[in-house]
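[1] Provided below are the primary sequence and the corresponding predicted coordinates.
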Amino acid sequence: MVFGRLLLCTSLLVALAGPVDAQPDRRVGAVPDTVRVTLTEAITKALEASPEVDQRRAQRRFATARRDRAEASRFLTNLSLNTASSFAPGLSNVPPGTPDDELYLNPNVENDWSLGALRPFSRVEIVARQPLFTWGELSGSIEAARHGVDVEEARVDQKALEVAARTGEIYYNVLLTQALNRLADRTTQVVDRAKKEINRLLDEGNEDVDQADLFQTRLTEEEVKRRVVEVEQRQATARSALRRQLFLPEGTAVRVAEDELQPLNFSMHPDSLDHYIQLGLRNRPEVEQARAGVKAREALVDVEQSNYYPKIGVQASLSQSITLPERPNPDNAFVGDSFMGTGTQTGIGIQQNLNFGQTKAKVEQAKAELEEVEHQQTAARQLVQFEVEEAFRNLVVAKTAFESRDRSTTISGEWLRTEQINFDLGLADTENLVKAVRADLEARARYNEAVKQYNVAVLKLLRATGTLTDRVQNGTLIDETQTQN
């Protein structure tokens, strides 16, 4: 029954590969275009192609345009050109020989609106308005628009962190499944060798094996086949997920550049938790978004309060009216013709909103919105501290688990080699050999899982501190140091 017990341990290895996200695709077909990426390249490509990030960038461009519009309103707030075209009447009862500049003195001269007397008429008017003193309305609007850009910039960074962390986790899922696939291949080989050995011993009439061992081997073989197919499909899914995360064309095969799943070279900062919390408060987009939101709402309160006071400004206009053929235009300071001539108006004006009840309500509304954002800022800081602490402690746990699994793999490997040597010398208990094989397979599978969890925990801590995308852009995602984490 030795081989039967040995085969049972192989099913445990394959079962351990079940919950993960996939393995190498063994299907035969046309060779697709292949893209190989490192972790940094994968995150960079995902950030460049992500429609989620592009959506936030579009919102940032909208806020930037709104800021530019507000800043442009500082000078010549209203500058317009107005034109109007119609028909002007002619003149009737005009005494022959009367000079044009004296026609206005003749009471018998009248406008002629008959169709034959109408003539083309056009008026052009340029109007310019410039605020001089607005009690903070203009400057407050500009300030609010500027901080609105900061809010949208923070939202872009927030989404970029999310996409980067998700891409990194998918990347390590692929690496994990590759490692587990190699163990699955090893398991298949063990089953094949065991099956052949049992058949050989049965043919020789060896009393140490019987038909029960063969049946057990065949059952284990079927279980392994089922698990291998499951692993292959999960690997295909994981690779497809990575391809879609990078938005590569259909038919493109994406492969990770690393051959082995290795732990990230990341060292915890000497100041530990407090250092990472302060790092998160300085770098997390949510904190910056809340801060900018408070500044924007403060400026909008000033805008609403400005309506309590009179707005002072200057306005200038220049108009030109033309009728062709020209009508007589009297050159007189007190008499003018609306269908001919040039006009200008310039002066200082005062505008005062007298509905103080509405103004007060709007001010209170703006203050309530400011108070809401201030509470959001407090909540954001608390949330960042919690998420950083959670990510930090999860990393400590993952690091401990990874180191423990690494030591377990070393111990199980030594145990297996010892039992194999003793078995070859005829000194070992076969039951101990089976246990050693079982422990070694399990330790290797658990080790790979621990490495993946550790690497993902590192990425999540970098995301929680708001430094993940900066590290990707600076090329320092992998080369961590003790003093810059």
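    Arrived safely.
[2] Every contact and neighbour count from this point should use C-alpha atoms.
    Fine.
[3] Without its sequence neighbours, what residue ends up closest to V388?
    Spatial nearest neighbour of V388, excluding adjacent residues (C-alpha to C-alpha, 6 or more residues apart in numbering): A464 at 5.1 Å.
[4] List the contacts of the one you found.
    The neighbours of A464, taking C-alpha atoms under 8 Å, 6 or more residues apart in numbering as the test, are G280, R284, V384, E387, V388, A391.
[5] Select only the buried ones of those residues in PyMOL?
    Per 16 or more other C-alpha atoms under 10 Å, the buried members of these correspond to this PyMOL selection:
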select buried, resi 280+284+384+387+388+391
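[6] List just the nearest of the contacts of A464 to A65.
    When those are compared for distance to A65 (C-alpha to C-alpha), R284 wins out at 25.0 Å.
[7] isn't that closest one right up against T465?
    Yes. At 6.1 Å, R284 counts as touching T465 under the criterion of C-alpha atoms under 8 Å.
[8] Overlap of the contact sets of those two?
    Residues touching both R284 and T465 by C-alpha under 8 Å, 6+ apart: V384.
[9] what's G205 in contact with, if anything?
    Not one residue lies near G205 by C-alpha under 8 Å, 6+ apart.
[10] Any figure for the gap between it and Q211?
    According to C-alpha to C-alpha, to the nearest Å, G205 and Q211 sit 11 Å apart.
[11] Same question for V174.
    For V174, the distance to Q211 (C-alpha to C-alpha) stands at 40 Å.
[12] which of the two has more neighbours?
    Using other C-alpha atoms under 10 Å as the criterion, V174 and Q211 rank with V174 on top: 29 against 12.
[13] what are the phi and psi values for the more buried one?
    Main-chain torsions, V174, degrees, to the nearest 10: phi -60, psi -50.
[14] Show me the shaky parts of this protein.
    Flagging of the chain using pLDDT under 70 yields the residue ranges 1-32, 208, 423, 426-431, 433-434, 478-485.
[15] biggest strand in it by residues?
    strand 119-133 (DSSP state E).
[16] what does it contact?
    74-90, 311-325, 339.
[17] Apply 7 Å and report the result again.
    Strand 119-133 has contacts (C-alpha atoms under 7 Å, 6 or more residues apart in numbering) with 75-89, 311-325.
[18] Which PyMOL command selects the buried ones in the residues you listed?
    Burial among those is assessed by 16+ other C-alpha under 10 Å; the matching PyMOL selection reads:
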select buried, resi 77+87+88+89+311+312+313+314+315+317+319+320+321+322+323
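[19] quick one: secondary structure of L81?
    In three-state terms, and counting by DSSP: H, G, I helix; E, B strand; the rest coil, L81 is strand.
[20] any idea how far it lies from I126?
    Noted for L81: a distance of 5 Å to I126, by C-alpha to C-alpha.
[21] what sits up against the helix or strand that contains T344?
    Assigned by DSSP states H and E, T344 belongs to strand 341-351. For strand 341-351, the external contacting residues (C-alpha under 7 Å, 6+ apart) are 310-322.
[22] can you list those residues in CSV and add secondary structure and distance to G343?
    Converted to CSV, the contacts of strand 341-351 look like this (DSSP: H, G, I helix; E, B strand; the rest coil; distance: C-alpha to C-alpha, whole Å):
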residue, secondary structure, distance to G343
P310, coil, 28
K311, strand, 26
I312, strand, 24
G313, strand, 21
V314, strand, 17
Q315, strand, 14
A316, strand, 11
S317, strand, 8
L318, strand, 6
S319, strand, 5
Q320, strand, 6
S321, strand, 8
I322, strand, 12
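[23] For the residues you listed, could you give me CSV that also reports distance to A368?
    Formatted as CSV, these follow (distance: C-alpha to C-alpha, whole Å):
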residue, distance to A368
P310, 25
K311, 25
I312, 29
G313, 31
V314, 34
Q315, 36
A316, 39
S317, 41
L318, 45
S319, 46
Q320, 50
S321, 52
I322, 55
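[24] Nearest to A436 among these?
    Among the contacts of strand 341-351, K311 lies closest to A436 (C-alpha to C-alpha), at 87.9 Å.
[25] for that closest one, what are its contacts?
    K311 neighbours (C-alpha under 7 Å, 6+ apart): F133, T134, I350, Q351, Q352.
[26] Using neighbour counts, trim the residues you listed to the buried set.
    Using 16+ other C-alpha under 10 Å as the threshold, T134 are the buried ones among the contacts of K311.
[27] Closest one to T40 out of the contacts of K311, please.
    For these, the nearest to T40 is T134 (51.4 Å; C-alpha to C-alpha).
[28] and the gap between the nearest residue to that closest one once chain neighbours are set aside and Q352?
    Distances taken as C-alpha to C-alpha, 6+ apart place K311 nearest to T134, at 4.8 Å, with adjacent residues excluded. To Q352, K311 is 6 Å away according to C-alpha to C-alpha.
[29] and if you look at E390?
    From E390 over to Q352 the distance is 55 Å, taken as C-alpha to C-alpha.
[30] same check, this time on V458
    Look at V458 and Q352: by C-alpha to C-alpha, they are 60 Å apart.
[31] Now do the helices in the stretch 51-200 of the chain.
    Here the stretch 51-200 of the chain has its helices, by DSSP state H, counting those that start in this stretch, at 51-72, 137-204.
[32] Tell me which of the ones you listed is the most buried.
    helix 137-204 (a mean of 21; mean count of other C-alpha atoms under 10 Å).
[33] Report the angle between that one and helix 51-72.
    Angle, helix 137-204 to helix 51-72, by axes from the mean of the first three to the mean of the last three C-alpha atoms, to 10 degrees: 170 degrees.
[34] which is the next helix or strand following helix 137-204?
    Under the assignment DSSP H and E, the closest C-terminal helix or strand after helix 137-204 is helix 211-246.
[35] Pull out the buried positions in that following helix.
    Residues of helix 211-246 classed as buried: 213-214, 216-218, 220-221, 224, 227-228, 230-243, 245-246 (neighbour count, 16+ other C-alpha under 10 Å).
[36] packing partners for that helix?
    Identification of packing neighbours for helix 211-246 by 3 or more C-alpha pairs under 7 Å, 6 or more residues apart in numbering; DSSP states H and E yields helix 2-16, helix 39-49, helix 137-204.
[37] Just the buried residues of the helix or strand harbouring R444, please?
    Using DSSP H and E, the element containing R444 is helix 430-464. Neighbour-count burial for helix 430-464 flags 430, 433-464 (criterion: 16+ other C-alpha under 10 Å).
[38] Okay, the closest residue to R284 other than its chain neighbours and D274: tell me how far apart.
    Excluding its sequence neighbours, the residue lying closest to R284 (C-alpha to C-alpha, 6+ apart) is G466, at 4.4 Å. Distance, G466 to D274, using C-alpha to C-alpha: 15 Å.
[39] Then E153?
    27 Å.
[40] cool, and Q235?
    The gap separating Q235 from D274 is 39 Å, by C-alpha to C-alpha.
[41] cool, E288 as well?
    Distance, E288 to D274, by C-alpha to C-alpha: 19 Å.
[42] Looking at those two, which is more packed in?
    A direct count of neighbours by other C-alpha under 10 Å for E288 and D274 places E288 higher, at 21 against 14.
[43] give the contact list for that one.
    Contact analysis of E288 by C-alpha under 7 Å, 6+ apart lists A154.
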